[in-house]
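A.B. asks: Pasting the sequence and the predicted model now:
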Amino acid sequence: MPSPLKVAVIGAGVSGLVAARELQREGHDVVVFEKSNHVGGTWFYDPKTESDPLGIDPTRDPVHGSLYLSLRTNLPRQLMDFSDYPFAKRESGDPRTFPGHEEVLRFLEDFAGEFGIRGLTRFETEVVKVERKGSEWTVESRTSRLGDSVSREEFDAVVVCSGHFSVPKLGEVPGIDTWRRPTFIPITTEFLNLSRIRHVVILIGLGPSSFDLSREISQVAKEVHVATRLSSDSPSLKFENYQNITFHTTIKRVYEDGLVAFEDGFSVYADAIIHCTGYKYDLPFLVTNGTVTVEDNRVGPLYKHVFPPALAPWLSFIGLTSKDPVFHIIELQCKWVARVLSGKIMLPTEEEMMESVKEYYQLMEKNGLPKHYTHFIYPLQGDYKHWLIEQLGLPALKEWKENMYEECIKNLDQMNHSYRDQWDDIYWDNIIQSSQN
Ligand code: FAD
């Protein structure tokens with residue numbers, strides 16, 4: 001393996017920042033391409049409203065971020081740090097264990113500053129095409145501040161860190177074509193201007209956005225109805241102290257006059273529908289002639305969610321997994337990629353990697369999981385993390401950190417929205433102390 005390599009990193013969110021640091025540490029020559037004018041990716045709150053909030057119009061002016069103004073982390077800062085860079089409280093910052101999104105952005109900005117990542121980054125430069133030519137990658141990019149000038153450059157390797165929270169995946173709603181009232185995704189001020197969300201609001205989905213937003217909207221709306229795939233009388237579907245939030249089964253049909261009928265027989269005239277149904281993987285710049293595809297939200301084939309066997313190690317993806325302690329997994333993936341590229345860690349053969357991917361797909365099939373669950377790794381996130389740790393020869397994580405993610409998920413599943421305020425400094429002191437005894 002020639003070293004150092006010239007490596008292109010696409011994106012300067014958490015994945016891109018950490019990838020750049022790890023690649024640099026391994027002595028590689030790194031260029032980060034970032035289409036916006038800032039670092040932090042998702043954690044940069046963009047008040048701009050999409051010209052087409054549902055993302056249906058391909059010519060729309062998209063907004064990368066999908067944060068809503070009031071967003072507070074759903075993991076404690078202790079699970080959003082890096083192994084040698086704690087997410088510490090800052091003077092005049094947000095001191096909460098589960099801080100608001102601004103605090104996460106500051107943390108990432110500090111990280112970028114500390115490790116000199118800004119100096120490696122070409123801002124306002126969108127990668128529009130990545131193509132393998134011979135033994136190199138040609139990266140074509142467009143720089144908006146230079147009048148959209150296009151340039152091409154050759155790289156030995158490309159690390160894709162472009163995120164997967166900007167193209168919304170809409171819930172299936174029979175009759176939606178006739179619906180004449182507003183529909184939103186949980187994004188931007190348009191959505192957050194709560195006074196505009198009147199009276200009766202329908203949320204589709206039961207993920208973290210719905211968990212937070214249903215409660216927030218209930219404070220100004222007359223009624224909030226949440227459409228879920230669960231049975232509406234499931235005992236877990238209940239928020240204490242939020243009388244105007246009701247959970248239902250999926251939507252049977254919506255009508256032109258605003259009527260929304262649920263499968264459980266309930267119907268209501270509603271003023272707005274919000275799709276809290278997640279996002280799609282989107283890699284519009286990648287040209288691999290079918291070697292890597294996105295099919296039913298599965299990016300594949302990828303060995304351990306990172307390397308496409310036929311193009312490894314020259315192409316890799318960071319941060320594709322979800323429902324896991326994202327920051328920790330991203331850091332481990334980045335270290336793995338950087339060390340594979342410097343020849344310190346060997347990958348199995350292409351055939352062996354392909355076999356491993358097939359085994360994983362077969363296991364999913366056996367368990368009745370559709371393709372779009374491929375990168376949704378819960379409850380195997382611990383095994384995945386340990387596998388990466390083992391590859392890297394790193395010491396095991398502290399036990400309390402291991403258990404903490406499960407605790408968060410338990411609280412979210414039980415719809416205990418107050419856990420964020422219960423985990424104060426005393427709580428953490430006790431946890432850390434008891435783990436040392
Ligand atoms: P992103 O943050 O999306 O960054 C991708 C970057 O790539 C962006 O800067 C983008 O501009 C750039 N880019 C994309 N395409 C191109 C291109 N073609 N050319 C150049 N640049 C490009 N995680 C937690 O740990 N705790 C939480 O509480 C939490 N809450 C979340 C809440 C919401 C609403 C969302 C959406 C996610 C949340 N997450 C949370 C997960 C969060 O996304 C990840 O923590 C992490 O930010 C993902 O980082 P990333 O770098 O992979 O992607």
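C.D. replies: Arrived safely, thanks for sending.
A.B. asks: Okay, helices next: where are they in the stretch 151-300 of the chain?
C.D. replies: 188-192, 208-218 (DSSP state H, counting those that start in this stretch).
A.B. asks: doesn't R106 make contact with R90?
C.D. replies: Yes. R90 lies in contact with R106 (C-beta atoms under 8 Å); the separation is 6.8 Å. C-betas here are computed from N, CA, C, even on glycine.
A.B. asks: Pick out whichever of these two has more residues nearby.
C.D. replies: Higher neighbour count among R90 and R106: R106, with 17 against 13, using other C-beta atoms under 10 Å.
A.B. asks: how much space between G27 and the ligand?
C.D. replies: Distance, G27 to the ligand, by C-beta to the nearest ligand atom, to the nearest Å: 23 Å.
A.B. asks: That residue and A338 touch, don't they?
C.D. replies: No. G27 lies out of contact with A338 (C-beta under 8 Å); the separation is 9.3 Å.
A.B. asks: For those two, indicate the residue with more neighbours.
C.D. replies: The neighbour comparison of G27 against A338 (other C-beta under 10 Å) goes to A338, with 28 against 13.
A.B. asks: So the more buried one belongs to a helix, correct?
C.D. replies: Yes. A338 forms part of a helix when assessed by DSSP: H, G, I helix; E, B strand; the rest coil.
A.B. asks: Find me the pLDDT at it, would you?
C.D. replies: pLDDT, A338: 98.
A.B. asks: The closest residue to it other than its chain neighbours: which element?
C.D. replies: Leaving aside its sequence neighbours, A338 sits nearest to E22 (C-beta to C-beta, 6 or more residues apart in numbering; 3.9 Å). Using DSSP states H and E, E22 sits within helix 14-25.
A.B. asks: okay, now K222: neighbour count?
C.D. replies: K222 has 11 nearby residues by other C-beta under 10 Å.
A.B. asks: go on, the one 5 residues further on?
C.D. replies: When neighbours are counted by other C-beta under 10 Å, A227 registers 27.
A.B. asks: who does it bridge with?
C.D. replies: I204, H248 (DSSP bridges).
A.B. asks: List the contacts of it.
C.D. replies: Residues near A227 by C-beta atoms under 8 Å, 6 or more residues apart in numbering: G171, I202, L203, I204, G205, H248, T249, T250, I251, F262.
A.B. asks: weakest of the helices of the stretch 151-300 of the chain by average pLDDT?
C.D. replies: helix 188-192 (a mean of 45).
A.B. asks: Kindly list the main-chain dihedrals of the closest residue to the ligand within the stretch 151-300 of the chain?
C.D. replies: For the stretch 151-300 of the chain, the residue closest to the ligand is G163, as judged by C-beta to the nearest ligand atom, at 2.1 Å. The phi/psi pair for G163 (degrees, to the nearest 10) reads phi 80, psi 170.
A.B. asks: Tell me the buried residues within the contacts of A227.
C.D. replies: Among the contacts of A227, those buried by neighbour count (16 or more other C-beta atoms under 10 Å) are G171, I202, L203, I204, G205, H248, T249, T250, I251, F262.
A.B. asks: C276 is in contact with the second one, correct?
C.D. replies: No. In terms of C-beta under 8 Å, I202 does not count as a neighbour of C276; the distance is 10.3 Å.
A.B. asks: quick one on the thing from earlier: by contact count, what packs against the helix holding E22?
C.D. replies: Identification of packing neighbours for helix 14-25 by 3 or more C-beta pairs under 8 Å, 6 or more residues apart in numbering; DSSP states H and E yields strand 6-10, strand 29-33, helix 101-114, strand 157-160, helix 326-341.
A.B. asks: Could you list the buried residues of that helix?
C.D. replies: So helix 14-25, judged by 16+ other C-beta under 10 Å, has buried residues V14, S15, G16, L17, V18, A19, A20, R21, E22, L23, Q24.
A.B. asks: Is S435 in contact with K398, as I believe?
C.D. replies: Yes. S435 lies in contact with K398 (C-beta under 8 Å); the separation is 6.5 Å.
A.B. asks: Please name the residues that touch the closest residue to Y45 other than its chain neighbours.
C.D. replies: Once flanking residues are discounted, Y45 sits nearest to L67: 4.7 Å by C-beta to C-beta, 6+ apart. Shown in contact with L67 (C-beta under 8 Å, 6+ apart): T42, W43, F44, Y45, D46, H101, I187.
A.B. asks: Next: R152.
C.D. replies: Neighbouring residues of R152 by C-beta under 8 Å, 6+ apart: T138, V139, E140, S141.
A.B. asks: Please flag which of those residues sit within strands.
C.D. replies: When DSSP state E is applied, these are split such that T138, V139, E140, S141 fall in strands.
A.B. asks: can you count the residues close to K169?
C.D. replies: Quick note: K169 (other C-beta under 10 Å) scores 15 neighbours.
A.B. asks: about what we covered before: redo the contacts of R152 as JSON lines? Include distance to D177 and pLDDT.
C.D. replies: Shown next, in JSON lines, are those (distance: C-beta to C-beta, whole Å; pLDDT from 0 to 100):
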{"residue": "T138", "distance to D177": "42", "pLDDT": "98"}
{"residue": "V139", "distance to D177": "40", "pLDDT": "98"}
{"residue": "E140", "distance to D177": "37", "pLDDT": "98"}
{"residue": "S141", "distance to D177": "38", "pLDDT": "98"}
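A.B. asks: Just confirm S209 contacts Y279, I think it does.
C.D. replies: No. Applying C-beta under 8 Å, one finds S209 not in contact with Y279, separated by 10.3 Å.
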